[in-house]
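> Dropping a prediction and its sequence here:
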Amino acid sequence: MRLGSQVVQLSGSTALVTGATGGIGQAIARTLHGQGARLIVTGRRSDVLEQLAAELGASALTIDISLHDELERLFAAAQEVDILIANAGLPASGELDSFSEAEIDRALAVNLRAPIMLARALVPPMTERGRGHMVFISSLSGKAATPAASLYNATKFGLRGFSWALRAELRDRGVGVSLICPGFVSEAGMFVDADVKLPPGIGTRPPREVARAVINAIEHDRGEIDVAPLPLRASAFFANLAPATASNLARRLGSDRLAREVAGGQRDKR
Ligand SMILES: NC(=O)c1ccc[n+]([C@@H]2O[C@H](COP(=O)([O-])OP(=O)(O)OC[C@H]3O[C@@H](n4cnc5c(N)ncnc54)[C@H](OP(=O)(O)O)[C@@H]3O)[C@@H](O)[C@H]2O)c1
(Lines give C-alpha, C1' and ligand atoms only; values in the text may rest on other atoms or scores of the structure.)
Protein backbone atom coordinates (compact mmCIF):
# COMPACT_ATOMS: atom_id res chain seq x y z
CA MET A 1 0.00 0.00 0.00
CA ARG A 2 1.42 3.39 -0.99
CA LEU A 3 1.03 6.53 1.06
CA GLY A 4 -2.20 8.32 0.12
CA SER A 5 -3.47 5.80 -2.43
CA GLN A 6 -4.12 2.19 -3.26
CA VAL A 7 -1.94 -0.08 -5.36
CA VAL A 8 -3.39 -0.19 -8.89
CA GLN A 9 -5.62 -3.21 -9.53
CA LEU A 10 -4.85 -4.74 -12.93
CA SER A 11 -8.35 -5.96 -13.68
CA GLY A 12 -10.36 -3.19 -15.34
CA SER A 13 -7.36 -0.82 -15.57
CA THR A 14 -6.12 0.60 -18.85
CA ALA A 15 -2.47 -0.18 -19.64
CA LEU A 16 -0.30 1.31 -22.36
CA VAL A 17 2.50 -0.99 -23.59
CA THR A 18 5.14 0.54 -25.88
CA GLY A 19 7.19 -1.79 -28.05
CA ALA A 20 4.36 -4.33 -27.97
CA THR A 21 5.44 -5.80 -31.32
CA GLY A 22 8.74 -7.03 -29.83
CA GLY A 23 9.59 -10.24 -28.00
CA ILE A 24 9.21 -8.92 -24.45
CA GLY A 25 6.44 -6.43 -25.27
CA GLN A 26 4.16 -9.16 -26.67
CA ALA A 27 4.63 -11.24 -23.53
CA ILE A 28 3.86 -8.26 -21.30
CA ALA A 29 0.76 -7.34 -23.32
CA ARG A 30 -0.60 -10.91 -23.24
CA THR A 31 0.04 -11.25 -19.51
CA LEU A 32 -1.66 -7.94 -18.69
CA HIS A 33 -4.59 -8.98 -20.88
CA GLY A 34 -4.75 -12.27 -18.97
CA GLN A 35 -5.03 -10.24 -15.74
CA GLY A 36 -8.06 -8.36 -17.08
CA ALA A 37 -6.40 -5.09 -18.14
CA ARG A 38 -7.63 -3.11 -21.18
CA LEU A 39 -4.73 -2.42 -23.50
CA ILE A 40 -3.32 0.25 -25.76
CA VAL A 41 -0.41 -1.24 -27.70
CA THR A 42 2.20 0.59 -29.78
CA GLY A 43 5.02 -0.28 -32.15
CA ARG A 44 6.21 0.53 -35.65
CA ARG A 45 5.39 -2.69 -37.52
CA SER A 46 1.68 -2.19 -38.16
CA ASP A 47 1.04 -5.75 -39.41
CA VAL A 48 2.37 -7.33 -36.20
CA LEU A 49 0.67 -4.67 -34.07
CA GLU A 50 -2.77 -5.05 -35.71
CA GLN A 51 -2.63 -8.83 -35.30
CA LEU A 52 -1.75 -8.54 -31.60
CA ALA A 53 -4.43 -5.89 -31.04
CA ALA A 54 -7.05 -8.12 -32.68
CA GLU A 55 -5.99 -11.08 -30.50
CA LEU A 56 -6.20 -9.02 -27.28
CA GLY A 57 -9.10 -6.70 -28.16
CA ALA A 58 -6.64 -3.82 -27.72
CA SER A 59 -6.38 -0.35 -29.27
CA ALA A 60 -3.36 -0.10 -31.56
CA LEU A 61 -1.26 2.96 -32.33
CA THR A 62 1.44 2.60 -34.96
CA ILE A 63 4.02 5.27 -34.23
CA ASP A 64 7.74 5.91 -34.31
CA ILE A 65 8.50 7.19 -30.80
CA SER A 66 11.82 8.68 -31.90
CA LEU A 67 9.82 11.37 -33.75
CA HIS A 68 8.60 14.25 -31.58
CA ASP A 69 5.35 14.83 -33.53
CA GLU A 70 4.36 11.17 -33.38
CA LEU A 71 5.06 11.06 -29.66
CA GLU A 72 2.54 13.91 -29.26
CA ARG A 73 -0.16 11.64 -30.78
CA LEU A 74 0.67 9.05 -28.14
CA PHE A 75 0.34 11.58 -25.28
CA ALA A 76 -3.14 12.45 -26.53
CA ALA A 77 -4.19 8.78 -26.64
CA ALA A 78 -2.70 8.03 -23.22
CA GLN A 79 -4.51 10.48 -20.96
CA GLU A 80 -6.85 7.84 -19.48
CA VAL A 81 -4.07 5.31 -18.92
CA ASP A 82 -3.69 3.85 -15.40
CA ILE A 83 -0.56 1.83 -16.15
CA LEU A 84 2.38 2.71 -18.41
CA ILE A 85 4.81 0.02 -19.50
CA ALA A 86 7.69 1.87 -21.21
CA ASN A 87 9.24 -1.11 -22.92
CA ALA A 88 10.18 -0.02 -26.48
CA GLY A 89 13.92 -0.03 -26.95
CA LEU A 90 16.79 -0.33 -29.40
CA PRO A 91 19.86 -2.49 -28.64
CA ALA A 92 22.19 0.48 -29.38
CA SER A 93 25.13 -1.88 -29.19
CA GLY A 94 28.50 -1.50 -30.90
CA GLU A 95 31.61 0.59 -30.50
CA LEU A 96 30.76 4.26 -30.05
CA ASP A 97 32.66 5.47 -33.11
CA SER A 98 30.67 3.07 -35.31
CA PHE A 99 27.49 5.14 -34.72
CA SER A 100 26.39 8.00 -36.91
CA GLU A 101 25.02 11.12 -35.20
CA ALA A 102 21.50 10.19 -36.37
CA GLU A 103 21.84 6.70 -34.87
CA ILE A 104 22.95 8.14 -31.52
CA ASP A 105 20.04 10.58 -31.54
CA ARG A 106 17.58 7.77 -32.34
CA ALA A 107 18.88 5.48 -29.56
CA LEU A 108 18.66 8.30 -27.00
CA ALA A 109 15.20 9.27 -28.26
CA VAL A 110 13.73 5.75 -28.14
CA ASN A 111 15.42 4.39 -25.00
CA LEU A 112 15.50 7.51 -22.82
CA ARG A 113 13.69 10.59 -24.16
CA ALA A 114 10.42 8.83 -25.05
CA PRO A 115 9.96 7.17 -21.61
CA ILE A 116 10.76 10.49 -19.88
CA MET A 117 8.36 12.47 -22.06
CA LEU A 118 5.63 9.84 -21.69
CA ALA A 119 6.03 9.92 -17.92
CA ARG A 120 5.85 13.72 -17.93
CA ALA A 121 2.62 13.58 -19.97
CA LEU A 122 1.07 11.04 -17.58
CA VAL A 123 2.03 12.59 -14.23
CA PRO A 124 -0.75 15.26 -14.25
CA PRO A 125 -3.70 12.94 -15.07
CA MET A 126 -2.43 10.16 -12.79
CA THR A 127 -1.77 12.61 -9.94
CA GLU A 128 -5.22 14.12 -10.36
CA ARG A 129 -6.80 10.67 -10.08
CA GLY A 130 -4.43 9.81 -7.20
CA ARG A 131 -3.84 6.53 -8.94
CA GLY A 132 -1.41 5.11 -11.47
CA HIS A 133 1.71 3.05 -12.03
CA MET A 134 4.64 3.47 -14.42
CA VAL A 135 6.99 0.61 -15.24
CA PHE A 136 10.26 1.22 -17.09
CA ILE A 137 12.03 -1.68 -18.78
CA SER A 138 15.74 -1.16 -18.25
CA SER A 139 18.30 -3.98 -18.21
CA LEU A 140 21.13 -5.42 -16.15
CA SER A 141 23.05 -3.17 -18.59
CA GLY A 142 21.64 -0.38 -16.43
CA LYS A 143 23.88 -1.59 -13.61
CA ALA A 144 26.90 -3.20 -15.26
CA ALA A 145 28.86 -1.54 -18.06
CA THR A 146 30.28 -3.66 -20.88
CA PRO A 147 32.44 -2.86 -23.91
CA ALA A 148 30.66 -2.31 -27.22
CA ALA A 149 27.59 -1.14 -25.30
CA SER A 150 28.44 2.36 -24.10
CA LEU A 151 25.39 3.94 -25.75
CA TYR A 152 23.02 1.21 -24.53
CA ASN A 153 24.60 1.43 -21.04
CA ALA A 154 24.09 5.21 -21.10
CA THR A 155 20.38 4.86 -21.85
CA LYS A 156 19.72 2.02 -19.42
CA PHE A 157 21.77 3.53 -16.54
CA GLY A 158 19.90 6.77 -17.27
CA LEU A 159 16.51 5.08 -17.15
CA ARG A 160 17.41 3.52 -13.81
CA GLY A 161 18.31 6.88 -12.26
CA PHE A 162 15.20 8.45 -13.74
CA SER A 163 12.92 5.71 -12.43
CA TRP A 164 14.24 5.77 -8.84
CA ALA A 165 14.13 9.57 -8.70
CA LEU A 166 10.61 9.71 -10.14
CA ARG A 167 9.47 7.04 -7.68
CA ALA A 168 10.63 9.23 -4.79
CA GLU A 169 9.10 12.32 -6.38
CA LEU A 170 5.66 10.71 -6.83
CA ARG A 171 5.60 8.70 -3.60
CA ASP A 172 3.02 10.92 -1.93
CA ARG A 173 0.97 11.56 -5.04
CA GLY A 174 -0.52 8.09 -5.42
CA VAL A 175 1.56 7.10 -8.44
CA GLY A 176 3.90 4.10 -8.31
CA VAL A 177 7.09 3.77 -10.34
CA SER A 178 9.02 0.54 -10.96
CA LEU A 179 12.08 -0.52 -12.90
CA ILE A 180 12.57 -3.97 -14.44
CA CYS A 181 16.11 -5.12 -15.24
CA PRO A 182 16.24 -8.25 -17.40
CA GLY A 183 19.50 -10.04 -18.21
CA PHE A 184 19.69 -12.15 -21.39
CA VAL A 185 16.14 -13.03 -22.52
CA SER A 186 15.49 -16.30 -24.39
CA GLU A 187 12.83 -17.33 -26.94
CA ALA A 188 12.19 -13.88 -28.48
CA GLY A 189 13.52 -10.34 -28.47
CA MET A 190 16.67 -8.41 -29.29
CA PHE A 191 19.13 -10.88 -27.74
CA VAL A 192 17.62 -13.89 -29.57
CA ASP A 193 17.58 -11.87 -32.81
CA ALA A 194 21.36 -11.35 -32.42
CA ASP A 195 21.78 -15.16 -32.78
CA VAL A 196 24.70 -15.48 -30.34
CA LYS A 197 25.49 -18.57 -28.28
CA LEU A 198 26.17 -17.74 -24.63
CA PRO A 199 29.17 -19.33 -22.89
CA PRO A 200 28.36 -22.15 -20.47
CA GLY A 201 27.17 -20.89 -17.08
CA ILE A 202 25.43 -17.77 -18.39
CA GLY A 203 21.72 -18.44 -18.20
CA THR A 204 18.68 -16.76 -19.69
CA ARG A 205 15.09 -16.11 -18.70
CA PRO A 206 12.04 -16.28 -21.03
CA PRO A 207 9.91 -13.19 -21.84
CA ARG A 208 7.03 -14.49 -19.68
CA GLU A 209 9.26 -14.06 -16.59
CA VAL A 210 9.84 -10.43 -17.48
CA ALA A 211 6.04 -10.10 -17.83
CA ARG A 212 5.55 -11.76 -14.43
CA ALA A 213 8.00 -9.30 -12.89
CA VAL A 214 5.97 -6.43 -14.36
CA ILE A 215 2.81 -7.77 -12.69
CA ASN A 216 4.68 -8.28 -9.41
CA ALA A 217 6.10 -4.75 -9.57
CA ILE A 218 2.63 -3.23 -10.02
CA GLU A 219 0.77 -5.44 -7.54
CA HIS A 220 3.38 -5.03 -4.80
CA ASP A 221 4.66 -1.57 -5.76
CA ARG A 222 8.26 -2.78 -6.06
CA GLY A 223 10.96 -0.21 -6.89
CA GLU A 224 13.15 -2.56 -8.91
CA ILE A 225 13.15 -6.20 -10.01
CA ASP A 226 15.99 -8.04 -11.77
CA VAL A 227 15.02 -10.89 -14.10
CA ALA A 228 18.02 -13.19 -14.57
CA PRO A 229 19.56 -16.30 -13.02
CA LEU A 230 21.24 -15.71 -9.64
CA PRO A 231 24.90 -15.65 -10.86
CA LEU A 232 24.10 -12.92 -13.40
CA ARG A 233 22.11 -10.90 -10.86
CA ALA A 234 24.98 -11.26 -8.38
CA SER A 235 27.57 -10.08 -10.93
CA ALA A 236 25.41 -7.06 -11.85
CA PHE A 237 25.05 -6.25 -8.15
CA PHE A 238 28.83 -6.48 -7.73
CA ALA A 239 29.46 -4.38 -10.86
CA ASN A 240 27.18 -1.73 -9.42
CA LEU A 241 29.13 -1.67 -6.16
CA ALA A 242 32.66 -1.99 -7.53
CA PRO A 243 32.68 -1.09 -11.24
CA ALA A 244 36.47 -1.00 -11.70
CA THR A 245 37.11 -4.42 -10.15
CA ALA A 246 34.10 -5.94 -11.92
CA SER A 247 35.25 -4.57 -15.27
CA ASN A 248 38.77 -6.05 -14.88
CA LEU A 249 37.32 -9.39 -13.81
CA ALA A 250 34.79 -9.51 -16.67
CA ARG A 251 37.57 -8.75 -19.17
CA ARG A 252 39.60 -11.71 -17.89
CA LEU A 253 36.52 -13.93 -18.21
CA GLY A 254 36.08 -12.98 -21.88
CA SER A 255 33.17 -10.52 -21.66
CA ASP A 256 34.67 -8.35 -24.44
CA ARG A 257 34.30 -11.08 -27.06
CA LEU A 258 30.71 -11.86 -26.06
CA ALA A 259 29.76 -8.15 -26.06
CA ARG A 260 31.23 -7.68 -29.54
CA GLU A 261 29.45 -10.78 -30.88
CA VAL A 262 26.11 -9.53 -29.55
CA ALA A 263 26.76 -6.08 -31.03
CA GLY A 264 27.59 -7.65 -34.41
CA GLY A 265 24.28 -9.53 -34.38
CA GLN A 266 22.31 -6.38 -33.54
CA ARG A 267 23.86 -4.12 -36.20
CA ASP A 268 20.61 -4.05 -38.21
CA LYS A 269 18.56 -2.62 -35.29
CA ARG A 270 19.92 0.93 -35.15
N1 LIG B 1 15.93 -9.16 -25.10
C2 LIG B 1 16.75 -9.00 -24.08
O3 LIG B 1 17.61 -9.87 -23.82
C4 LIG B 1 16.65 -7.78 -23.20
C5 LIG B 1 17.41 -7.76 -22.03
C6 LIG B 1 17.35 -6.64 -21.20
C7 LIG B 1 16.50 -5.58 -21.51
N8 LIG B 1 15.76 -5.64 -22.67
C9 LIG B 1 14.88 -4.49 -22.94
O10 LIG B 1 13.56 -4.96 -23.14
C11 LIG B 1 12.85 -4.07 -24.01
C12 LIG B 1 12.19 -4.88 -25.12
O13 LIG B 1 13.22 -5.52 -25.88
P14 LIG B 1 12.97 -6.81 -26.79
O15 LIG B 1 14.00 -7.80 -26.44
O16 LIG B 1 11.55 -7.20 -26.78
O17 LIG B 1 13.39 -6.18 -28.21
P18 LIG B 1 12.70 -6.25 -29.63
O19 LIG B 1 12.07 -7.58 -29.86
O20 LIG B 1 13.73 -5.75 -30.58
O21 LIG B 1 11.52 -5.18 -29.48
C22 LIG B 1 11.78 -3.81 -29.39
C23 LIG B 1 10.46 -3.09 -29.44
O24 LIG B 1 10.71 -1.67 -29.43
C25 LIG B 1 10.02 -1.08 -30.52
N26 LIG B 1 10.72 0.08 -31.04
C27 LIG B 1 12.02 0.21 -31.37
N28 LIG B 1 12.25 1.41 -31.90
C29 LIG B 1 11.07 2.05 -31.94
C30 LIG B 1 10.65 3.32 -32.41
N31 LIG B 1 11.51 4.20 -32.96
N32 LIG B 1 9.35 3.66 -32.29
C33 LIG B 1 8.47 2.80 -31.74
N34 LIG B 1 8.79 1.58 -31.30
C35 LIG B 1 10.08 1.22 -31.40
C36 LIG B 1 9.96 -2.17 -31.57
O37 LIG B 1 8.93 -1.88 -32.49
P38 LIG B 1 8.94 -2.49 -34.00
O39 LIG B 1 9.54 -3.87 -33.88
O40 LIG B 1 7.50 -2.51 -34.36
O41 LIG B 1 9.79 -1.58 -34.81
C42 LIG B 1 9.66 -3.38 -30.71
O43 LIG B 1 8.30 -3.45 -30.40
C44 LIG B 1 13.89 -3.05 -24.52
O45 LIG B 1 13.78 -1.86 -23.79
C46 LIG B 1 15.22 -3.73 -24.21
O47 LIG B 1 16.26 -2.80 -24.04
C48 LIG B 1 15.82 -6.69 -23.50
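Thanks, I have it.

> tally of neighbours for residue 253?
Burial of residue 253 is recorded as 14 neighbouring residues (other CB atoms under 10 Å). The way it works is simple: take the backbone N, C-alpha and C, and place the C-beta from them, glycine included.

> What separation do you get for it and the ligand?
19 Å (CB to the nearest ligand atom, to the nearest Å).

> Same question for residue 194.
Distance of residue 194 to the ligand, given as CB to the nearest ligand atom: 9 Å.

> What of residue 145?
According to CB to the nearest ligand atom, residue 145 and the ligand sit 14 Å apart.

> now swap in residue 50 and tell me
The spacing between residue 50 and the ligand, counted by CB to the nearest ligand atom, is 11 Å.

> now do residue 164
Residue 164 is 17 Å from the ligand, where distance means CB to the nearest ligand atom.

> Tell me which residues touch that residue, please.
In this structure, residue 164 makes contact with 177, 179, 223-224, judged by CB atoms under 8 Å, 6 or more residues apart in numbering.

> Find the helix or strand that it is a member of.
helix 150-170 (DSSP states H and E).

> Go through that helix and flag the buried ones.
Applying a neighbour-count criterion of 16 or more other CB atoms under 10 Å, one finds 151-160, 162-164, 166-167, 170 buried in helix 150-170.

> circling back: among the contacts of residue 164, name the buried ones.
So, of the contacts of residue 164, 177, 179, 224 end up buried under the neighbour-count rule (16+ other CB under 10 Å).

> Restricted to helices, list the residues you listed.
When the buried ones among the contacts of residue 164 are checked against helices (DSSP state H), there are no matches.

> Mind putting those into a markdown table with distance to residue 63?
What follows is these, written out as a markdown table (distance: CB to CB, whole Å):
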| residue | distance to residue 63 |
| --- | --- |
| 177 | 23 |
| 179 | 24 |
| 224 | 28 |
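
> and which of those is nearest the ligand?
When these are ranked by distance to the ligand (CB to the nearest ligand atom), residue 179 comes first, at 11.1 Å.

> and that closest one, bridged to which residues?
In this structure, residue 179 bridges to residue 136, residue 224 when assessed by DSSP bridges.

> who does the helix or strand residue 123 falls within touch, helix- and strand-wise?
Secondary structure from DSSP H and E places residue 123 in helix 114-129. For helix 114-129, the packing partners by 3 or more CB pairs under 8 Å, 6 or more residues apart in numbering; DSSP states H and E come out as helix 68-77, strand 83-86, strand 132-137, helix 150-170, strand 175-182.

> Mind listing what's buried along it?
Neighbour count says helix 114-129 has 114-115, 117-119, 121-123, 125-126 buried, by 16+ other CB under 10 Å.

> can you count the residues close to residue 241?
By the measure other CB under 10 Å, the count of residues near residue 241 is 10.

> for the one 5 residues further on, same thing?
Residue 246 has 20 neighbouring residues, counting by other CB under 10 Å.

> May I ask which helix or strand encompasses the residue nearest to it when sequence neighbours are not counted?
Take residue 246 and drop its neighbours on the chain: the residue closest to it by CB to CB, 6 or more residues apart in numbering is residue 239, 3.8 Å away. Assigned by DSSP H and E, residue 239 belongs to helix 230-241.
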